[in-house]
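A.B. asks: Structure for the following, please:
(one chain, ligands or ions: 2)
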Amino acid sequence: MNLCSRLGMQNSTSSHPGEANAPHSRSLGASPRTLRSHGRLTTLNKKSPLSAESGPPPPHPRRNGSKHDAGELQQYKCRSKQSSVPPDTRLLTTMTTALHRLPAFTNFQDAVKGIQRVSYCTGAIPLDADTSTIFYRTDGKPYYIDFAKASSEDLKVLAESCQPATFGVNKQDVFDETYRKAGKMDAANFATQFHPSACGVVDAIRDAMLPAQDTDRGIKIEMYKLNVYGPGAFFKAHVDTPRSDTMFGSLVVVLPTVHEGGSLVFRHRGTEWTFDTAHAISTTSPPGLRAAFVAFFGDVEHEVAVVTSGYRVTLTYNLYYDDTRTRRQDQAKTAPPLIPVAIPPTPRGSDLEPTLSALLTDPNFLPEGGLVGFGLFYKYAFRVKYIYRIDYITKPTPLSGIEKSLKGSDAAVHDVCKTLQLKTSLKTLYRTNKSAAEFCLADEVLSLHFPAEYGLLGSLKDMYRDAILAYGYGDEAKLEGDIDISEMQPVLWVAEAGEVNSFEPAYIAYGNEPGLDCAYTQLCLIAKVGPFGKRATIK
Ligand SMILES: O=C(O)CCC(=O)C(=O)O
Ligand SMILES: [Fe+2]
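C.D. replies: Numbers count the residues shown, from 1 in each chain. Ligands and ions are numbered 1, 2, ... in the order given. Purely as a prediction, here's the structure:
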């Protein structure tokens, strides 16, 4: 069924701007009006005056259900007629407000808010005569620098052997010293006996950043660049370019050089924290030469503050999940103990399991069952569906594949749903505009390079059969689109899906150098809750 026939409307392909943008009525009052009572739909008014007037819909151009090109969506622009029946939404709103205020629900919400959010892992590593040296080449000549006794002249030579660092914007490699002023050396041009996996850093990252059940998961670490930040150097706020859909983060190792400024400042969802690199490598307590490190999820925004004196030298690495190996193969054999480096702690403590369990045993909570949603805290790298002309298509990352790689608090929410036998799935969320109450939950990241149009959600549903047309519980009165509420499902948001994908190209990423195939996407986790008494939806 096409969108227009589903709505009982005339198919309008008019490009007249006045028509396309005319104010639209909600179908809540225009087509079969429905009352949603704790998840169940009761039809109030079986006959739709609109569908009677509209006559039979024109044939659907893709009745066979094959997928559409993005551009074809334009032809689905539909226009609803003004309804004379005012929507009765007061009752709906009262019921859903009650659900939001249910103590068992707010307790669970508070538990989700209170999850410990660990977005990073830090420490310092003692260096010895072997691990404090870096060999490098420049202009075809070999050099080395020993950080145990590097003079400022040695550091200057290293700095001058670097190239100006670039960064990626929209798949372009950009050199812009107002955004990033630093020197970089590619991994092919230097070597060191310092290996993060040999000295226990990778184990520390696994323990701090991966969920508890991943204690055995393999991590691949890839040396990326050596960076020198001299006086006046900096790198403004960015996220790190995902180089594969298995990449989850970055590791920055700060080598021991005296410098001032140059702190790494992280910002994520309203929280800011600082890794003071100059302090982290200070050799006073306990005494001895050390490198400091910070690993973080790559989608967490960070910047390097201006270096005010000295040279700040870092090694950067990409971190990937590697399911072809296990911890045992990677584990450091005789690593010296890491030295803790302080970063202000993040909030701790959560009672996810008892509060969700109490919620599910509350007869007033979704008595008929329904969908519960969580806007995820982090973004996830996915492989872009890449179409070259019409014949070369790379396979995009299936969202189901990301479920096993959820980060930190997102993994905790996912795990508690699984523990309590709730079926979960990851979805991308599309709205026609930021304030729209209705949205579409899809199973893939869609490449939609055209402006949002009225009627688009229905078109998405036609294109992606498994897509869910939905609205937030309590938002019934705000529905403005052209889709019948009986074709939509309410989602009860535990954590709002704040920033969502819009219909802009999703493939903007900037960080170090650009990556061609991967980008970050915002996702939400949808859990299906069964009716009271039969909550489990995992069979
Ligand atoms: O050198 C550093 O501290 C890290 C810089 C950075 O964020 C990057 O190279 O992406
Ligand atoms: Fe970065």
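A.B. asks: Do you know the pLDDT at the residue nearest to Pro211 when sequence neighbours are not counted?
C.D. replies: Nearest residue to Pro211 in three dimensions, chain neighbours excluded: Ala411, at 3.9 Å (Cβ to Cβ, 6 or more residues apart in numbering). C-beta: built from backbone N, CA, C; applies to glycine. If you check Ala411, the pLDDT there is 91.
A.B. asks: How about Arg79?
C.D. replies: With respect to pLDDT, Arg79 has a value of 27.
A.B. asks: Show me where the stretch 401-539 of the chain has its helices.
C.D. replies: In the stretch 401-539 of the chain, the helices defined using DSSP state H, counting those that start in this stretch lie at 408-419, 456-463.
A.B. asks: Ok, the chain next?
C.D. replies: Assigned by DSSP state H, the helices in the chain fall at 3-7, 17-20, 27-30, 49-54, 90-101, 103-113, 152-160, 201-209, 277-280, 327-330, 352-360, 399-402, 408-419, 456-463.
A.B. asks: Next, the contact list for the residue positioned nearest the centre of the chain, please.
C.D. replies: Most central in the chain under Cα atoms, centre = their mean is Lys379, positioned 1.2 Å from the mean C-alpha point. By Cβ atoms under 8 Å, 6 or more residues apart in numbering, Lys379 lies in contact with Val239, Asp299, Tyr520, Thr521, Gln522, Leu523.
A.B. asks: if you set the cut-off to 10 Å instead, what comes out?
C.D. replies: Contact partners of Lys379, counting by Cβ atoms under 10 Å, 6 or more residues apart in numbering, are 239, 242, 297-300, 407, 499, 509, 519-523.
A.B. asks: now do Arg217
C.D. replies: Arg206, Leu210, Pro211, Tyr321, Asp322, Asp323, Arg325, Thr326, Arg327, Asp330, Lys404, Ser405.
A.B. asks: Grab the nearest non-local neighbour of the fourth one.
C.D. replies: If I follow you right, that is Tyr321. Nearest one to Tyr321, counting by Cβ to Cβ, 6+ apart, is Thr246 at 4.7 Å.
A.B. asks: Now the terminal residues of stretch 530-539, how far apart.
C.D. replies: For stretch 530-539, the separation between the terminal residues is 11 Å (Cα to Cα, to the nearest Å).
A.B. asks: hang on, the earlier thing: will you turn the contacts of Lys379 into TSV that also has neighbour count, pLDDT and distance to ligand 1?
C.D. replies: Formatted as TSV, the contacts of Lys379 follow (neighbours: other Cβ atoms under 10 Å; pLDDT from 0 to 100; distance: Cβ to the nearest ligand atom, whole Å):
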residue	neighbour count	pLDDT	distance to ligand 1
Val239	18	90	9
Pro242	27	87	12
Phe297	23	94	13
Gly298	24	92	9
Asp299	23	91	12
Val300	21	92	10
Lys407	25	91	18
Glu499	12	53	21
Ala509	24	42	12
Ala519	22	81	16
Tyr520	22	85	14
Thr521	24	86	20
Gln522	19	89	21
Leu523	26	93	23
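A.B. asks: where does Phe248 sit relative to Ala165, distance-wise?
C.D. replies: Noted for Phe248: a distance of 23 Å to Ala165, by Cβ to Cβ, to the nearest Å.
A.B. asks: Comparing those two, which residue is more hemmed in?
C.D. replies: Neighbours per residue, other Cβ atoms under 10 Å: of Phe248 and Ala165, the larger number sits with Phe248, 26 against 21.
A.B. asks: give me phi/psi at Gly200?
C.D. replies: Dihedral pair for Gly200: phi 90, psi 0, per degrees, to the nearest 10.
A.B. asks: That one against Pro337, yeah?
C.D. replies: Yes - assessed by Cβ atoms under 10 Å, Gly200 is found in contact with Pro337 at 7.6 Å.
A.B. asks: Please identify every residue contacting each of those two.
C.D. replies: Residues touching both Gly200 and Pro337 (Cβ under 10 Å, 6+ apart) are Gly123, Ile125.
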